[in-house]
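K.L.:
structural data only, the sequence is not supplied:
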């Protein structure tokens, strides 16, 4: 598969709810920053609301983390409500 074809698949996989890590694995990327940059170029990387890394939240939840653990991971910079709003807004 050509590089341009792989890059074109990134937004589609992301919209399917795949995490950055899952996209890297599926498309054979070793560095997640490449996928993040591709999503930023398309204005799809969801850090806008409160600066919360929504894909990270999804990955942590998928790994079984509780909201309290996620809040700890983000250094208590965000409330549970802010995290939930960011995830909800991004999915809308």
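P.N.:
On my side now, so go ahead. These numbers come from a predicted model, not from an experiment.
K.L.:
Three-state assignment for the residue nearest the centre of the chain, please.
P.N.:
The centre of the chain sits closest to residue 55, judged by CA atoms, centre = their mean, with a distance of 2.0 Å. Following DSSP: H, G, I helix; E, B strand; the rest coil, residue 55 is assigned to helix.
K.L.:
how much space separates it from residue 90?
P.N.:
Distance from residue 55 to residue 90, counting by CB to CB, to the nearest Å: 9 Å. Quick note: C-beta positions are derived from backbone N, CA and C, even for glycine.
K.L.:
swap in residue 64?
P.N.:
21 Å.
K.L.:
who's more crowded, those two?
P.N.:
For residue 64 versus residue 90, the count of surrounding residues by other CB atoms under 10 Å is larger for residue 90: 18 against 7.
K.L.:
helix, strand, or coil at the more buried one?
P.N.:
Residue 90 ends up helix, using three-state DSSP.
K.L.:
pretty sure it is touching residue 53, no?
P.N.:
No - when contacts are counted by CB atoms under 8 Å, residue 90 is not listed as touching residue 53 (10.6 Å).
K.L.:
so which strand or helix has residue 61?
P.N.:
In this assignment (DSSP states H and E), residue 61 forms part of helix 54-62.
K.L.:
how about residue 6?
P.N.:
Assigned by DSSP H and E, residue 6 falls in helix 3-15.
K.L.:
mind listing what's buried in that helix?
P.N.:
6, 10, 13-14 (16 or more other CB atoms under 10 Å).
K.L.:
also stretch 28-36?
P.N.:
Neighbour-count burial for stretch 28-36 [16+ other CB under 10 Å]: 29, 34-36.
K.L.:
same thing with stretch 74-85?
P.N.:
Those would be 74, 78, 82-83, for stretch 74-85 by 16+ other CB under 10 Å.
K.L.:
domain ranges for this structure, per the record?
P.N.:
Using automatic domain parsing, the domain parsing of the chain gives 3-41, 54-91.
K.L.:
same list (the ones you listed) but as JSON lines, adding mean pLDDT.
P.N.:
Below are the domains of the chain laid out as JSON lines (pLDDT from 0 to 100):
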{"stretch": "domain 3-41", "mean pLDDT": "88"}
{"stretch": "domain 54-91", "mean pLDDT": "89"}
